[in-house]
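Visitor: model this:
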Amino acid sequence: MAISVGDEAPDFALKGPDGELVKLSDYRGKKNVVIVFFPLAFSGICTMQLTDIGSHEAQYAGSDAQVLGISVDSHHTQAAFAKSLGLRNTLLLADFHPRGEVAQRYGVYMDEFGISMRASFVVDRNGIIRHADVRVPKEVPDEAAYFTTLAACNIES
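Guide: The predicted model follows:
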């Protein structure tokens, strides 16, 4: 079962595109975080979703938010995917080994397929889940809901 609004977001440390470790807790007290689990880099729907997110990077920055995209792909694949999409501020992280461990902790890993569901969580500066949207891989969450939640987070901080 996926974690819910009001829960503390489970911390994690995953490899980023350059192989560096990125921790959710690095943002605690500093920025809101939008965590976007996507099934597989370079697949059609994931490419569309991350392209849309990339086109709004300035809006995320203006909302004092960091977007962390997570899939079971390796950090090498994530680096190539980010480059192909022209992502500059959105970090794509590798939930590669052990495969899907972070997705499992968030309750969005599909064992039978070896990938995560398409899920997103808005985490406020205090590490609390403020928005959760969990879907099957073919359905894309409403990105506008992220910005509505981020606006509320910024008013309350």
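
Visitor: And the strands in the protein?
Guide: For the chain, the strands defined by DSSP state E cover 13-15, 21-23, 32-37, 65-71, 91-94, 109-110, 115-116, 118-123, 129-135.

Visitor: contacting residues around the fifth one?
Guide: Yep, that's strand 91-94 we're talking about. Residues from elsewhere that reach strand 91-94 (Cβ atoms under 8 Å, 6 or more residues apart in numbering): 14-17, 22, 41, 50, 66-75, 77-79, 81-82. Any C-beta I mention is one placed from the backbone N, CA and C, and that applies to glycine too.

Visitor: count of neighbours near Val123?
Guide: By other Cβ atoms under 10 Å, 27 other residues sit near Val123.

Visitor: There's contact between it and Ala9 in this structure, I believe.
Guide: Yes. Contact status for Val123 versus Ala9: in contact at 4.4 Å, counting by Cβ atoms under 8 Å.

Visitor: Could you point out which residue ranges in the chain have low pLDDT?
Guide: 1, 157 (pLDDT under 70).

Visitor: If we use 80, what do you get?
Guide: The model of the chain has pLDDT under 80 over residues 1-2, 157.

Visitor: Can you say which of the strands of the chain is packed in most?
Guide: Sort the strands of the chain by mean neighbour count, taking mean count of other Cβ atoms under 10 Å, and strand 118-123 sits at the top with a mean of 26.

Visitor: the inter-axis angle of that one versus strand 129-135?
Guide: Inter-element angle recorded for strand 118-123 and strand 129-135: 180 degrees (by axes from the mean of the first three to the mean of the last three Cα atoms, to 10 degrees).

Visitor: mind listing the helices in the chain by residue range?
Guide: Ranges of helices within the chain are 44-55, 57-62, 75-85, 101-105, 143-156, based on DSSP state H.

Visitor: Now Arg42. Nearest residue, chain neighbours left out?
Guide: Not Arg; residue 42 is Phe. Using Cβ to Cβ, 6 or more residues apart in numbering and skipping residues adjacent in sequence, the residue nearest Phe42 is Phe81, 5.9 Å away.
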